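K.L.:
Need coordinates for the following:
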Amino acid sequence: MSRIPRFAIIPTNGRSCLADCLAAIRNQVDHVLVVWTDQKVGHHQAFPEWAQRPPDGVTIIYQFDALREVNISCWWNAGLRHVEQAASIHSDPRWSKWDVAILNDDAIVPEGWFDAASGTMRQMGVAAACSGGRGPMPVLHTQPGPVPLDTRLCGFAFMLAGEMGLRGNESLKWYFTDDWMDWESRKLGGMVMIPGFHVEHLYPNGQVTPEIQEQIAKDAQTFVDIYGMRPW
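P.N.:
Residues are numbered from 1 along each chain as shown. From the prediction side, this is the model:
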């Protein structure tokens, strides 16, 4: 393998759609980190059989101390820390950089998505990438601030240049987590949206409960406290 290492981080509470998400990304990356988020599960024996014996190339991250509340940023960070620790023990020069895709468990990326997003991200020297642009050319944002909604970071499927050390802000727990990653990536060089490569999102807002609705309002205010404005 001559290219730099590639990872995917997928938080999940065990929805059946995870199997399709894994199948779509598995041949595009070197390793998948599944961050288990089901707060009702307290021991490994209660996990589905596949999670007790994950397939080759898949690691399950059980981090119950961090899973006592709903916090997407915390789940992302658990995976990002794991990848960074793996990179730190390698002397191979290829490990000076690594690509990390962060996916919802109901996101189905098309074949070639990782190659296309990584290739453009690395060529342009930016910190993050996603797909979905409608025009013929990539769309680049290099300054924090509101942009047309169809050009903001795709929160259910995006990629980071892992060695840049970008992390989620754990004070943002549900909404605006992706906006934080978007705006912070622009500070580190930029976020690029490549054209095409439609990612299927099976269940948009499919897990929004009354408690989540309350958290969304809190996150909106936290984002304004941080940046002085809403992202959209």
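
K.L.:
which residues of this protein fall in helices?
P.N.:
18-26, 49-52, 72-88, 113-124, 177-187, 210-227 (DSSP state H).

K.L.:
Tell me which of the ones you listed approaches P136 most closely.
P.N.:
Nearest to P136 among those is helix 113-124; the distance by CB to CB comes to 13.1 Å. (Each C-beta comes from the backbone N, C-alpha and C, glycine too.)

K.L.:
what angle sits between that closest one and helix 177-187?
P.N.:
30 degrees (axes from the mean of the first three to the mean of the last three CA atoms, to 10 degrees).

K.L.:
Buried residues of helix 113-124, list them for me.
P.N.:
Applying a neighbour-count criterion of 16 or more other CB atoms under 10 Å, the buried positions in helix 113-124 are W113, F114, A116, A117, S118, T120, M121, M124.

K.L.:
looking only at pLDDT, what's the mean for that helix?
P.N.:
The average pLDDT for helix 113-124 rounds to 97.

K.L.:
what angle do that helix and helix 18-26 make?
P.N.:
Relative orientation of helix 113-124 versus helix 18-26 (the same axes, to 10 degrees): 50 degrees.

K.L.:
Tell me the confidence at the residue nearest the centre of the chain?
P.N.:
Nearest to the geometric centre of the chain sits I102, at 2.0 Å (CA atoms, centre = their mean). Here the pLDDT value assigned to I102 is 98.

K.L.:
Dig out what it forms beta bridges with.
P.N.:
Beta bridges link I102 to I9, F158, judged by DSSP bridges.

K.L.:
Kindly report the same for V35.
P.N.:
Applying DSSP bridges, one finds that V35 bridges with P11, I61.

K.L.:
wait, what's in contact with it?
P.N.:
I9, I10, P11, T12, I61, Q63, W75, W76, A78, G79 (CB atoms under 8 Å, 6 or more residues apart in numbering).

K.L.:
same check, this time on M159
P.N.:
M159 makes contacts with D99, V100, A101, I102, F114, A117, S118, M121, A128, A129, C130, as judged by CB under 8 Å, 6+ apart.
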